[in-house]
Structure formats: structure tokens, C-alpha cells
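>>> Build me a model:
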Amino acid sequence: MLGRSEADTGSPEVQAAIWTIRIRDLERHFQSHHKDRHNRRSYRKLIHKRARILKYLKSQDFAKYHQTLKALGLKPDDVENEIVVK
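As a prediction, this is how the structure comes out:
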């Protein structure tokens, strides 16, 4: 469980998890709708938003940052380096 309680929706780790789910849904959508340009912009914005909140979490609580990355199945390179979206 990433949240601090059952009703937690505002902590950085929960926000990153919510955005990760939305990102993965959009990735599945693009597999069958590869010409959908409008949602690609939203996809890029979500990726950068998630990276920003994870960088914030890293500066606040390094242990929670690594725990969150592990729970979401992300690598540190997905957040820390230049983010390239195809």
C-alpha cells in the first residue's frame, strides 16, 4: 500500500501511482490507435507530471521514493534523466 491511509489521495506517492495507471492505460490505447495525436500530448504531460512529483518525493523522503519506484515498477532512469517520449 502506497498511501498513508485508506482515504489518502493527495500524498506524492499516491499521486504518482494514479498517474502511472493513467499512463499505462494510454499506452494500451496507443497500441490500437497509433494516430491519436491529441492524447499523445496528454500522455507526455502525465509523464512529466509524474517525474516532477517523484523528484519532489526524492528530495523530501529518499526511502519512500525508492519504495514507490519499486511498487510502481519504475527505474530511477525513468524519472531522473531526460524523458524521451516517442
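>>> contacts and neighbour counts: CA atoms only from here.
Noted.
>>> what about this structure, any weak spots by pLDDT?
1-4, 82-86 (pLDDT under 70).
>>> swap the cut-off to 90 and go again
1-10, 75-86 (pLDDT under 90).
>>> Ramachandran angles for the spatially most distant residue from the centre of the chain?
Residue farthest from the centre of the chain, counting by C-alpha atoms, centre = their mean, is Lys35 at 23.0 Å. Taking degrees, to the nearest 10, you get phi -100, psi 10 for the backbone angles of Lys35.
>>> Ok, His34 next?
phi -70, psi -10.
>>> Quick one: neighbours of it, just the number.
His34 has 10 neighbouring residues, counting by other C-alpha atoms under 10 Å.
>>> same check, this time on Arg37
11.
>>> Make 46 the starting number, not 1.
In the new count, where the first residue is 46, that last one comes out as Arg82.
>>> Buried ones in the lengthiest helix in the chain, by neighbour count?
Taking DSSP state H as the criterion, the chain has its longest helix at helix 82-105. Of the residues in helix 82-105, 85, 88-89, 91-92, 95-100, 102-103 count as buried by neighbour count, 16 or more other C-alpha atoms under 10 Å.
>>> Report all helices and strands that it contacts.
helix 57-77, helix 107-117, helix 122-125 (3 or more C-alpha pairs under 8 Å, 6 or more residues apart in numbering; DSSP states H and E).
>>> Name the residues of the last one that come out as buried.
Translated: helix 122-125. Quick answer for helix 122-125 (16+ other C-alpha under 10 Å): Val124.
>>> neighbouring contacts of that helix?
Helix 122-125 is contacted by residues 95-97, 99-100 when judged by C-alpha atoms under 8 Å, 6 or more residues apart in numbering.
>>> so which pair among those is furthest apart in space?
Spanning the widest gap among the contacts of helix 122-125 are Arg95 and Lys100, at 8.6 Å by C-alpha to C-alpha.
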